[in-house]
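> Give the three-dimensional model of this entry:
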Amino acid sequence: MRLVRFGERGSERPGLVDEAGGIRDTSDYVGTLDGANLDPDRLVELAAIDPETLPKVAEGVRLCKPIERIGKIVGVGPNYSDSARLAGFRMNPEPTLFLKSATSACGPNDPIEIPRLANRVDWGVELAVVIGRVAKYAGVEDAQRAIAGYCLANDITERNFQLQRGGQWTKGKSHDTFCPLGPWLVTPDELSDPDSVALWLDVNGERQQIGSTGEMIFKIPYLVSYVSRFMRLEPGDVILTGTLAGVGLSYDPPRFLKAGDRIRLGGSGLGEQENLCVAI
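All right, here's what the predicted structure looks like:
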């Protein structure tokens, strides 16, 4: 299934995407896409519903982040060797972890805010993993069973805040709108091979990133298991699995986002995002 949330801020509703690409309202069956409703067993029940029996949603409706309440967003640092090398980050024998504020999450087409005093705002297309049941000290097999699904993400970062303001990554990762998610939450049965998702990102029509999740150093079940050793994962938590080569920091001279820039990104089976950068 491809699950969505749609509607204006404050009145969002859950839905799914039918075979024709239309949105169907599932709110009579699932009140919210969060908590226990993300459990893989609950999603199997939802998948048994015939989409043709669900109300159609008008075309052009705003799509929101696909999870209503996110407990935490856990980022994985360098997870693609070319990306790490070009951006000047050291590869470690274990995954590098950081936290993004849950309030950084936004919809797939919402504007991206350029923070005050910011001049090095960077992009980063990623595959995001959404947790559907509690995982604590989970083995790899249990970690796989804890996954509700996957979605497209953009790990927006202010590099000065990240690297020059005390070396604490969370500062550069957590501004409002710094984690567009969606358009869909794709369940594992729909995305049969998350290790072969083609990802790409354009800025103002120019291709900046292109590659595949097959290039990841640390694979998804291992990452979920690894994170669960250090913090309890709960339904609605999101793990960002790392970005490809081609971030703005890796250029000489570096390239960064400014108000008026437009970002488009996509992933095979995950849909596309398009965001306009705005000053605040």
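> which element follows the helix or strand containing residue 82 toward the C-terminus?
Assigned by DSSP states H and E, residue 82 belongs to helix 81-87. Next helix or strand after helix 81-87 toward the C-terminus (DSSP H and E): strand 97-100.
> Give me the contacts around whichever helix or strand comes after that following strand.
Later in the chain than strand 97-100, the nearest helix or strand by DSSP H and E is strand 105-106. By CB atoms under 8 Å, 6 or more residues apart in numbering, the residues outside strand 105-106 that reach it are 65, 67, 70, 73, 112, 176, 177, 179, 180, 181, 238. Every C-beta, even on glycine, is put in place using the N, C-alpha and C of the backbone.
> if I look at the residue nearest to the spatial centre of the chain, how far off is residue 181?
Nearest residue to the geometric centre of the chain (CA atoms, centre = their mean): residue 153, 2.8 Å. Distance, residue 153 to residue 181, using CB to CB, to the nearest Å: 5 Å.
> Now list whatever residues contact both of those two.
Common neighbours of residue 153 and residue 181 are listed as 128, 238 (criterion: CB under 8 Å, 6+ apart).
> Pull the contacting residues for the residue nearest to residue 212 when sequence neighbours are not counted.
Leaving aside its sequence neighbours, residue 212 sits nearest to residue 198 (CB to CB, 6 or more residues apart in numbering; 5.4 Å). Residue 198 is in contact with 210, 211, 212, 267, 268, counting by CB under 8 Å, 6+ apart.
> For the stretch 151-280 of the chain, just list every one of the strands.
Using DSSP state E, counting those that start in this stretch, the strands found in the stretch 151-280 of the chain span residues 157-158, 179-180, 185-186, 198-203, 206-212, 238-240, 262-267, 271-279.
> Kindly reformat the contacts of residue 198 as CSV containing pLDDT, neighbour count and distance to residue 158.
Listed next are the contacts of residue 198 as CSV, based on pLDDT from 0 to 100; neighbours: other CB atoms under 10 Å; distance: CB to CB, whole Å:
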residue, pLDDT, neighbour count, distance to residue 158
210, 96, 14, 24
211, 95, 20, 23
212, 95, 17, 27
267, 98, 26, 24
268, 97, 14, 29
